[in-house]
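Enquirer: return a 3D structure for these sequence lines:
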Amino acid sequence: MGDKKDVINRTVKALTKHYQEEELFMAKSGRSLPSRDEVIGVIKDLRALVFPGYFGSDASAVMFPEYFAGYRLNDLFGRLEKEIRIAFLYYSQEPEREDEHANDVTCRFFEALPSVQELLLKDVQAGFDGDPAAKSKEEIIFSYPGLYAIYVYRLAHLLYLDKVPFIPRIMTEHAHSRTGIDINPGATIGEYFFIDHGTGVVIGETTTIGKNVKLYQGVTLGALSTRMGQALANVKRHPTIEDNVTIYSNSTVLGGDTVIGAGSIIAGNTFITESVDANTKVSTKNPELVKKTPRKEKQEGETVLYWDI
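Expert: Numbers count the residues shown, from 1 in each chain. The predicted structure follows:
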């Protein structure tokens, strides 16, 4: 049996040696990382502002909507601006400029919020129009994981466009962990977008999606290969999906040169690495089905069914 004190001492020496040798293990001198909890808190609290009445009860939203929105915005502005400033400072070579930089980015984010709300209302409508199981648009807002992932993505995309470090990915990875839907904040997604069921959907960073596109569970819009690693950064490596396309479950579309033409339908379990013309239906051949019926045997007065493998 090992000696507890000796084991701890040896482990401490080995770990702290790594701390000193590897810069990743400690924040850069005098700098810190954004708070993941605070960023997620902003996402959750913003949802009550974008969709009032669904996430928390506040009578002022009905009686005094301007007061409700103004109070919430004032609080959220300060919280988000602080995390954006921290994110910029981590890499900044001119820290004295980051207060103004963070303020500018936060202003643009909140000025875009009404437009994002309009987009999300169209996404809600797409969900209702495209899902016969949906009982109401309220149900989609309140409970559909696909809409939550889209909501978080649309917020994160604003900060991605302003090149804010860390925070956009914190946002979308939070949605990923909660819904099973992985949308990179860099993707470009048009209006009236719907993800049905959602689990296992992956949308890569340089994906472009047009208007009125519908995806089902397990769809991957990915890169043909990432073996070149960072050499592929800022290269278009994910597909383009044009307007009015439906991609059914467990289909995979790969490659930056791959374009799925407008009005096309991609059937389930389809693997695509080349472009598809507009108004095309793509499917794989149905696999051969092997059907067997059980044989019957008598056993002590009872009929027993046996399956031949």
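Enquirer: could you use CA atoms for every contact and neighbour count after this?
Expert: Will do.
Enquirer: now the strand or helix carrying Leu76: buried residues?
Expert: Leu76 is part of helix 65-91, with elements assigned from DSSP states H and E. Using 16 or more other CA atoms under 10 Å as the test for burial, helix 65-91 gives 68-69, 73, 76-77, 79-90.
Enquirer: from memory Gly204 sits against Ala223, does it?
Expert: Yes: between Gly204 and Ala223 there is a contact under CA atoms under 8 Å: 7.4 Å.
Enquirer: what touches both of these two?
Expert: By CA atoms under 8 Å, 6 or more residues apart in numbering, Gly204 and Ala223 have these common neighbours: His238.
Enquirer: got the CA coordinates for the helix or strand containing Val124 in CSV?
Expert: For Val124, the host element (DSSP H and E) is helix 113-130. This file holds the C-alpha atoms of helix 113-130, laid out as CSV (Å, rounded to 0.1, in the frame of the first residue of the first chain):
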residue,chain,number,x,y,z
LEU,A,113,-31.7,42.1,-31.2
PRO,A,114,-35.0,43.2,-32.8
SER,A,115,-33.9,41.8,-36.2
VAL,A,116,-32.9,38.5,-34.5
GLN,A,117,-36.3,38.4,-32.8
GLU,A,118,-38.0,38.7,-36.2
LEU,A,119,-35.9,35.9,-37.6
LEU,A,120,-36.8,33.7,-34.7
LEU,A,121,-40.5,34.3,-35.1
LYS,A,122,-40.1,33.1,-38.7
ASP,A,123,-38.2,30.1,-37.4
VAL,A,124,-41.1,29.4,-35.0
GLN,A,125,-43.5,29.7,-38.0
ALA,A,126,-41.4,27.3,-40.0
GLY,A,127,-41.5,24.8,-37.1
PHE,A,128,-45.2,25.0,-36.8
ASP,A,129,-45.9,24.8,-40.6
GLY,A,130,-43.5,21.9,-41.0
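Enquirer: could you point out which element follows it?
Expert: helix 137-143.
Enquirer: might you report the residue contacts of Val276?
Expert: By CA under 8 Å, 6+ apart, the residues touching Val276 are 258-261, 264.
Enquirer: how much space between it and Ser177?
Expert: Val276 sits 32 Å away from Ser177, going by CA to CA, to the nearest Å.
Enquirer: ok, Ala126 next?
Expert: 24 Å.
Enquirer: got it, and Leu120?
Expert: Separation of Leu120 from Ser177 (CA to CA): 21 Å.
Enquirer: these two: which is more packed in?
Expert: Counted by other CA atoms under 10 Å, Leu120 and Ser177 do not tie: Leu120 has more neighbours, with 23 against 10.
Enquirer: the more buried one touches Tyr151, doesn't it?
Expert: Yes: using CA under 8 Å, Leu120 is in contact with Tyr151, at 6.7 Å.
Enquirer: ok so, going back, what average pLDDT does the helix holding Leu76 get?
Expert: The pLDDT scores in helix 65-91 average 91.
Enquirer: which helices and strands does it pack with?
Expert: Judged by 3 or more CA pairs under 8 Å, 6 or more residues apart in numbering; DSSP states H and E, the packing partners of helix 65-91 are helix 36-50, helix 60-63, helix 98-111, helix 167-179.
Enquirer: export the ones you listed to CSV and append columns for distance to Leu147.
Expert: Output for these, formatted as CSV (distance: least, CA to CA, whole Å):
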stretch, distance to Leu147
helix 36-50, 11
helix 60-63, 22
helix 98-111, 20
helix 167-179, 10
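Enquirer: show me what the helix holding Val124 is in contact with.
Expert: Contact with helix 113-130 is made by 50, 134, 136-137, 140-141, 147, 150-151, 154-155, 191-196, 212, as judged by CA under 8 Å, 6+ apart.
Enquirer: any buried residues in that helix, and which?
Expert: Residues of helix 113-130 classed as buried: 113, 116-117, 119-128 (neighbour count, 16+ other CA under 10 Å).
Enquirer: do stretch 44-59 as well
Expert: Applying 16+ other CA under 10 Å to stretch 44-59 flags 45-50, 52, 55 as buried.
Enquirer: for that stretch, the distance to its chain's centre please.
Expert: 21 Å (CA atoms, centre = their mean, to the nearest Å).
Enquirer: kindly report the same for stretch 196-216.
Expert: The chain centroid and the centroid of stretch 196-216 are separated by 9 Å under CA atoms, centre = their mean.
Enquirer: ditto for stretch 101-118
Expert: With CA atoms, centre = their mean, you get 20 Å for stretch 101-118.
Enquirer: so for it, mean pLDDT?
Expert: 97.
Enquirer: same question, stretch 265-280
Expert: 97.
Enquirer: just stretch 54-62 next, same as before
Expert: On average, the pLDDT along stretch 54-62 is 69.
Enquirer: what sits against Asp99?
Expert: For Asp99, the contacting residues are Arg85, by CA under 8 Å, 6+ apart.
Enquirer: so how far is Leu221 from it?
Expert: For Asp99, the distance to Leu221 equals 37 Å [CA to CA].
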